[in-house]
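K.L.:
Here is my input; please provide its structure:
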Amino acid sequence: MRAWQLDRLGGALAQVERPIPHARPGSVVVRMQSSALMSYMREYVDGKLAVYHVPPQPFIPGGNGVGIVEEVGRDVWHIRRGQRVVISSHFVAQENVPCPAQMLIGVTAGGEVAFRMQSDWPDGTLADYALLPASTVTPADTVEELSASTLTTTMRYIVPYGGLLRGRLAVGETVIVSGATGAYGYAAVRLAIAMGARRVVAFGRNASSLAELAQNIGPRVVPMAASGDIKSDIAALRDVTVGGAHLAFDMVGNAADPNATLAALRALKVGGRIVLMGSMAVPLPVPYTEVMLNGWEILGQFMYPRTAYASLLEMIGAGILSADAIDPVVFPFSAVPDAIDAAASASSRQCIVIDHEV
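P.N.:
Residues are numbered from 1 along each chain as shown. From the prediction side, this is the model:
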């Protein structure tokens, strides 16, 4: 089979021939139709993201995607050959232990147990066929009408969906999405509306992008550009949320200062919640007394529950969440390097998709 192989982070990425994998107990082999590229794939491949850990040997990168089950291993009872599935890179160890290790197949792992998991599952989706744990694929039977490329773009929703579930977003609540002009922030705004939020404040630094986002989605979205002055931003957020938000969702990427996150936190109602799913290059100075007096919850969240993708696809199948709000920008399998460059400059509404069937 064709496969894109990365020697190491910062090493050579090349198309090679590899044997087609065979299913083993608890796994499936998926014939890939399409896969999604991370927006930061260029930095990842070039070895500029020091926190990422990959197998010691050359491996096939690539996380989320869509494909057809080609082979089913022993001890897999529900997934069947010929079934179309969506693939999640998020793999959690299946033992009944208090803190099961987790990793992102084809992307990274963290911690000694996760490193061993990565040694067992080193390869991702940028190949004609992918060998995967059965728990990382979800049947796409409820959205049969969607093309593979459109279905692949749903990976943009699944990450913020995990955060909004963690934040217990309820119908009728007001939400602040911090980092709303980013790829996942944009998806979070749309998703919060679909989940029944009364009002979503799209909070970020690019005023024109925020205004365009609100215009595209509708009147329940209120754009608000961050001024950089935390006191002004808190006052403006509390004003536009009419006294405070029930939930803040923070998806700021590699923030150089904590002001946007702190402004969203301090714009919560008494008893409000903030979910942290982004990244920050500096410490977050938590205002201890304010958090205590206001009963605020600060919730960290990495990825999403294993059952989340099925629920997300049901929302799309029912028409509650639009499947065509994220635009697939499709590249053939042979053009992965070009696609990686395009991913670095793609807009928040675009998702770079690799077509494996071309």
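K.L.:
Mean pLDDT per helix and strand in this protein: which one sits at the bottom?
P.N.:
Least confident helix or strand, the chain: helix 207-217 with a mean of 95, by mean pLDDT, DSSP states H and E.
K.L.:
mind exporting it as CSV, just the C-alpha atoms?
P.N.:
The C-alpha trace of helix 207-217 is given here as CSV (Å, rounded to 0.1, in the frame of the first residue of the first chain):
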residue,chain,number,x,y,z
ALA,A,207,-12.9,42.1,15.0
SER,A,208,-13.6,41.7,11.3
SER,A,209,-13.5,37.9,11.5
LEU,A,210,-15.7,37.9,14.5
ALA,A,211,-18.3,40.1,12.7
GLU,A,212,-18.3,37.8,9.7
LEU,A,213,-18.7,34.8,11.9
ALA,A,214,-21.7,36.3,13.6
GLN,A,215,-23.3,37.4,10.3
ASN,A,216,-22.9,33.8,8.9
ILE,A,217,-24.4,32.1,11.9
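K.L.:
Show me this structure divided up by domain.
P.N.:
Under the assignment automatic domain parsing, the domains of the chain span 2-153+326-355, 158-300.
K.L.:
Of the ones you listed, which is nearest residue 315?
P.N.:
Closest approach to residue 315 among the domains of the chain (CB to CB): domain 158-300, 6.3 Å. The C-beta positions use only the backbone N, C-alpha and C, and glycine is treated the same way.
K.L.:
how distant is that closest one from the center of its chain?
P.N.:
Put simply, domain 158-300 sits 17 Å off its chain's centre (CA atoms, centre = their mean, to the nearest Å).
K.L.:
now the end-to-end length of it.
P.N.:
16 Å (CA to CA, to the nearest Å).
K.L.:
could we number from 4 for the rest of this?
P.N.:
Yep, numbering from 4; the last one is domain 161-303 now.
K.L.:
where's the nearest residue to residue 174 once chain neighbours are set aside, which helix or strand?
P.N.:
Once flanking residues are discounted, residue 174 sits nearest to residue 199: 3.4 Å by CB to CB, 6 or more residues apart in numbering. Counting by DSSP states H and E, no helix or strand carries residue 199.
K.L.:
List the contacts of residue 199.
P.N.:
Residue 199 is in contact with 172-176, counting by CB atoms under 8 Å, 6 or more residues apart in numbering.
K.L.:
Just the pLDDT at it, thanks.
P.N.:
On the pLDDT scale, residue 199 is placed at 98.
K.L.:
Next one: it relative to residue 122, how far apart?
P.N.:
Distance of residue 199 to residue 122, given as CB to CB, to the nearest Å: 43 Å.
K.L.:
what's the answer for residue 62, then?
P.N.:
Going from residue 62 to residue 122 by CB to CB gives 10 Å.
K.L.:
now do residue 225
P.N.:
Distance, residue 225 to residue 122, using CB to CB: 48 Å.
K.L.:
who has more neighbours, the two?
P.N.:
Taking neighbours as other CB atoms under 10 Å, residue 225 and residue 122 compare with residue 225 leading, 16 against 12.
K.L.:
What is the neighbour count of residue 286?
P.N.:
7.
K.L.:
pretty sure it is touching residue 264, no?
P.N.:
No: Residue 286 lies out of contact with residue 264 (CB atoms under 8 Å); the separation is 11.0 Å.
K.L.:
residues touching residue 222, list them.
P.N.:
For residue 222, the contact set (CB under 8 Å, 6+ apart) is empty.
K.L.:
switch the cut-off to 10 Å
P.N.:
residue 202 (CB atoms under 10 Å, 6 or more residues apart in numbering).
K.L.:
same thing with residue 70?
P.N.:
With contacts defined as CB under 10 Å, 6+ apart, the neighbours of residue 70 are 31-38, 86-90, 128, 131-133, 135, 140, 143, 151, 155, 359-360.
K.L.:
List buried members of those by neighbour count.
P.N.:
Neighbour counting with 16 or more other CB atoms under 10 Å marks 31-38, 86-90, 128, 131-133, 135, 140, 143, 151, 155, 359 as buried within those.
K.L.:
Got the phi and psi for the residue nearest to residue 174?
P.N.:
When read as degrees, to the nearest 10, the backbone of residue 199 gives phi 110, psi 10.
K.L.:
Roughly how far does it sit from residue 99?
P.N.:
Distance of residue 199 to residue 99, given as CB to CB: 34 Å.
K.L.:
now residue 186
P.N.:
Using CB to CB, one gets 35 Å for the distance from residue 186 to residue 99.
K.L.:
neighbour count winner among those two?
P.N.:
A count of neighbours by other CB under 10 Å puts residue 186 above the other of residue 186 and residue 99, at 24 against 6.
K.L.:
where exactly do the helices run in the protein?
P.N.:
For the chain, applying DSSP state H gives helices covering 44-48, 115-123, 151-155, 158-169, 186-197, 210-220, 233-243, 262-269, 291-297, 311-320, 339-348.
K.L.:
Can I get those in TSV including distance to residue 304?
P.N.:
Output for those, formatted as TSV (distance: least, CB to CB, whole Å):
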stretch	distance to residue 304
helix 44-48	22
helix 115-123	17
helix 151-155	23
helix 158-169	4
helix 186-197	12
helix 210-220	23
helix 233-243	21
helix 262-269	14
helix 291-297	18
helix 311-320	11
helix 339-348	24
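K.L.:
Return the most buried member of those.
P.N.:
Mean neighbour count (mean count of other CB atoms under 10 Å) peaks for helix 186-197 among the helices of the chain, with a mean of 26.
K.L.:
tell me the contacts of residue 292?
P.N.:
Counting by CB under 10 Å, 6+ apart, residue 292 has no contacts.
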